[in-house]
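S.K.: Attaching a predicted model along with its sequence, questions to come.
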Amino acid sequence: MEWTVIPVADGPFLETHHGLDETDGPEVIDVTGTIVELEAIERDGSRTTIARVPSGRALRGMDEDEAGDVIELYTDRVVDVSDDGFIVTVEVRD
């Protein structure tokens, strides 16, 4: 996968929002890698490994073909996702 991110000194990359580029503020770079883990941040602050991240339309209840449920990996439990959303761990190629 390829993703546009904001590099953080001595830390992880932060996702940019759709359409953000350097003219809008911070430095952005493109990284290529493999998604190795998806986590949802639950309302209680815990992190739960999930099977996939639904589309933004589904998450907002605007997709008639998809419920938008966030499902815990291996248990099929519906996760109560906080406003902080998701953590996507990507193994980046050098």
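M.R.: Sure thing, it's come through.
S.K.: can you map out the strands along the protein?
M.R.: Assigned by DSSP state E, the strands in the chain fall at 2-6, 14-15, 29-42, 47-49, 81-92.
S.K.: Ends of stretch 74-83, what's the gap?
M.R.: Start-to-end span of stretch 74-83 (CA to CA, to the nearest Å) is 23 Å.
S.K.: List the neighbours of it that are in contact with it.
M.R.: 40-43, 45, 48-50, 59, 69-72 (CB atoms under 8 Å, 6 or more residues apart in numbering). C-beta coordinates here come from the backbone N, C-alpha and C atoms, glycine included.
S.K.: give the contact list for Pro54.
M.R.: If you count contacts by CB under 8 Å, 6+ apart, then Pro54 has Glu66, Gly68, Asp69, Val70 around it.
S.K.: Identify the residues contacting the closest residue to the second one other than its chain neighbours.
M.R.: The spatially closest residue to Gly68, leaving aside those adjacent along the chain, is Ala58, at 3.4 Å (CB to CB, 6 or more residues apart in numbering). Contacts here follow CB under 8 Å, 6+ apart; on that basis Ala58 touches Glu66, Ala67, Gly68.
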